[in-house]
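K.L.:
following is a predicted model, sequence given first.
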Amino acid sequence: MRFAFLCLMMTLGVLMASAMAVGKTSHDPSGTWKWKTQDFAGATINCCLRLKLDGETLTGSYDDDNVDADIENGKFDGEKFSSEVSVSYQGIPLVVCFDGSAVDDGVSGMITIGAAGQSADADWSAKRATEPEDVVGEWELKIVTSNGETLTPTVTLEKKAGKLADTYHSQFSGELSVADLKLKQNKLSWTFSGDYNGRSYTLKFTGIPRGSAIFGEIEYDLTDPAKKTADGAD
């Protein structure tokens with residue numbers, strides 16, 4: 001289960017929330033990273049490294065226009081990560097080692113290519129390219145209201161028929177289906193409506209998934225039933 005911490009502040013009937021990770025670092029390399037490079041013949045290659053962090057161990061896969069392989073010996077020390085893949089080029093076995101550090105939506109480091117007892121190094125940089133698989137799972141939120149009340153809803157994201165779908169569950173509102181769920185240009189957003197203590201509300205969430213955390217903002221628009229009745233009176 002992944003976590004986010006949300007602090008809410010009441011302002012003119014709208015609850016604003018900023019989100020940050022609990023117990024996670026912005027160096028978490030989990031996610032999808034893409035970049036372009038050139039092969040030995042000078043041709044451009046589109047590369048993709050998919051990583052998943054479990055403690056200090058990294059798993060995942062690497063693929064480009066020519067190969068597809070699982071990573072091996074993945075490690076993370078809290079700031080830097082390393083992994084390697086075994087591939088071949090024109091029948092020659094190669095071991096490609098990735099060493100780098102992830103900061104927000106970018107990775108920088110070094111790639112080492114080894115073959116037949118020799119190796120060559122090159123600088124390496126990549127950009128985060130969030131895919132549905134990167135955000136699938138259960139997210140636990142901690143929401144602290146302006147009066148000190150703590151709410152702990154959960155959001156479960158699933159991939160159905162090639163698209164993202166999710167469900168929001170809280171101890172007050174029960175289970176609610178989410179509308180307008182989108183993942184576009186590394187940003188995740190959704191909205192849903194419900195009732196709390198006789199007041200209807202609409203929630204809008206917009207955030208940037210980064211590894212095991214989502215950084216973003218939540219807005220709650222609360223309707224005051226007394227005001228609505230007064231406004232609707234003849």
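P.N.:
The structure has been received and is ready for your questions.
K.L.:
domains of the chain?
P.N.:
For the chain, the domain assignment from automatic domain parsing gives the residue ranges 2-24+132-232, 31-128.
K.L.:
tabulate those (JSON lines), appending mean pLDDT.
P.N.:
Below are those laid out as JSON lines (pLDDT from 0 to 100):
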{"stretch": "domain 2-24+132-232", "mean pLDDT": "69"}
{"stretch": "domain 31-128", "mean pLDDT": "91"}
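K.L.:
which residue, other than its chain neighbours, is closest to F205?
P.N.:
Ranked by CB to CB, 6 or more residues apart in numbering and with sequence neighbours excluded, the top spatial neighbour of F205 is I218, at 5.0 Å. (C-beta placed from N, C-alpha, C; glycine too.)
K.L.:
list the buried residues of whichever strand or helix holds the one you found.
P.N.:
Assigned by DSSP states H and E, I218 belongs to strand 213-222. Under the neighbour-count criterion of 16 or more other CB atoms under 10 Å, strand 213-222 has A213, I214, G216, I218, Y220 buried.
K.L.:
over to stretch 148-155?
P.N.:
Neighbour counts over stretch 148-155 (16+ other CB under 10 Å) mark L151, P153, V155 as buried.
K.L.:
how long is it from one end to the other?
P.N.:
22 Å (CA to CA, to the nearest Å).
K.L.:
what is the residue most central in space within the chain paired to in the beta sheet?
P.N.:
Ranked by distance to the mean C-alpha position of the chain (CA atoms, centre = their mean), the top residue is P209 at 2.7 Å. The residues listed as beta-bridge partners of P209 by DSSP bridges are I214.
K.L.:
pretty sure it is touching P132, no?
P.N.:
No - using CB atoms under 8 Å, P209 is not in contact with P132, being 10.4 Å away.
K.L.:
show me where the chain has its helices.
P.N.:
132-135, 225-232 (DSSP state H).
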